[in-house]
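Q: sequence below, structure please.
(chains A and B)
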Amino acid sequence: DSGVTQTPKHLITATGQRVTLRCSPRSGDLSVYWYQQSLDQGLQFLIHYYNGEERAKGNILERFSAQQFPDLHSELNLSSLELGDSALYFCASSVTEYGYGYTFGSGTRLTVV
Amino acid sequence: AQTVTQSQPEMSVQEAETVTLSCTYDTSESDYYLFWYKQPPSRQMILVIRQEAYKQQNATENRFSVNFQKAAKSFSLKISDSQLGDAAMYFCAYRPFSLRETSGSRLTFGEGTQLTVNP
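A: From the prediction side, this is the model:
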C-alpha cells in the first residue's frame, strides 16, 4: 500500500456521462498530481494541485476538471465522456510542490462503452 | 519541449542474469531529475531509482543502478541478478529542476519497456 488512495478502482460508464474520480494523498503530502495512461497516448500529465491551488496544467481536456479540497483530497471530474477517454487514471502525491519522487496510487480504470 | 524515448518496447532476461534498459531524453535545461518507474501487472507505479543531473555519480539502489551520460542525454537502467518479481513495464521519466508555470512539477514519461524474466 503506497498510502495514496484512489477510488473507485474500476468504473464502467456510457458515452456522454459524467464521472468523478477521487484521490486521497499520502498523509502529510500537500501536492496532488493527476495522470492519464492510455494505450495510444502513454502516460500524460493532466494537472497538479498544491495545498488547494492549481499549480500546472498539462494535456487536460476542457471536458475534464479537478480540484483539491481543504482536507487535501482531490477529485477529477470527467464529463461528456467519449470512448477515447477510456484509460487508467493515476493520482500521485508528494510532500512539497517540487514533486521530487512522487508516490502513485493504484489508479482508477475507466471504461467508456 | 522535453521528450523521453525508450527504444526497446520489449526486453527479456534469464533469471539471475543482468539486463540493461535504455532511455534517451531531450531537454535544453541544465538541471533536472531523471527517474525509473516500474509498473507490474498490479499496475501500481513504483519508483525504482532517481538521479539528479547535477550529480556525476550514478545512482544505485541494491540490484538497480543507472548509467547517466549527461552529454549524450542517456539514462540507462541496469538490473543485476534479475528476479522473477522484476518482470514489469519500466518507464523512464524526466522532470525539470526548476518550477515554471508551464511545466510545474510534471513528469514526462517514455513509452515504456516491457521486461520479461525467464526462469
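
Q: from the opening residue of stretch A:69-83 to its closing one, how far?
A: 29 Å (CA to CA, to the nearest Å).

Q: who's in contact with that stretch?
A: Residues outside stretch A:69-83 that contact it (CB atoms under 8 Å, 6 or more residues apart in numbering or on different chains) are A:13-25, A:29-30, A:32, A:34, A:46-47, A:49, A:51-52, A:63-68, A:85, A:89, A:91, A:110, A:112-113. Yep, even glycine has a C-beta here, placed from its N, CA and C like the rest.

Q: the same query, at a cut-off of 6 Å, please.
A: A:15, A:17-25, A:32, A:34, A:49, A:63-66, A:68, A:112 (CB atoms under 6 Å, 6 or more residues apart in numbering or on different chains).

Q: one more: stretch A:18-25?
A: Contacts for stretch A:18-25 (CB under 6 Å, 6+ apart): A:4-7, A:11, A:13, A:32, A:72-79, A:89, A:91, A:93, A:108.

Q: from the contacts of stretch A:69-83, list the buried ones, please.
A: A:19, A:21, A:23-25, A:32, A:34, A:49, A:64, A:66, A:68, A:112 (16 or more other CB atoms under 10 Å in any protein chain shown).

Q: turn those residues into a markdown table, including distance to B:S105.
A: Formatted as a markdown table, these follow (distance: CB to CB, whole Å):
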| residue | distance to B:S105 |
| --- | --- |
| A:V19 | 26 |
| A:L21 | 20 |
| A:C23 | 16 |
| A:S24 | 19 |
| A:P25 | 14 |
| A:V32 | 11 |
| A:W34 | 12 |
| A:Y49 | 11 |
| A:F64 | 19 |
| A:A66 | 15 |
| A:Q68 | 14 |
| A:V112 | 29 |
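
Q: just the ones of the residues you listed in strands?
A: Counted as lying in strands by DSSP state E, out of the buried ones among the contacts of stretch A:69-83, are A:19, A:21, A:23-24, A:32, A:34, A:49, A:64, A:66, A:68, A:112.

Q: buried only: go through the contacts of stretch A:18-25 for me.
A: Judged by 16+ other CB under 10 Å, buried ones among those: A:4-6, A:11, A:13, A:32, A:72, A:74-76, A:78, A:89, A:91, A:93, A:108.

Q: from chain A, how far off is B:P9?
A: For B:P9, the distance to chain A equals 12 Å [CB to the nearest CB, to the nearest Å].

Q: and that residue, how many residues sit next to it?
A: Counted by other CB atoms under 10 Å in any protein chain shown, the residues lying close to B:P9 total 10.

Q: hey, what's B:I79 bridged with?
A: Per DSSP bridges, the residues bridged to B:I79 are B:V19, B:F64.

Q: gap between A:L72 and A:S94?
A: 12 Å (CB to CB, to the nearest Å).

Q: tell me which element the closest residue to chain B within chain A falls in.
A: Residue nearest to chain B within chain A (CB to the nearest CB): A:A56, separated by 2.4 Å. Applying DSSP states H and E as the criterion places A:A56 in strand A:53-57.

Q: so what does that strand touch, helix or strand wise?
A: Judged by 3 or more CB pairs under 6 Å, 6 or more residues apart in numbering or on different chains; DSSP states H and E, the packing partners of strand A:53-57 are strand A:42-50.
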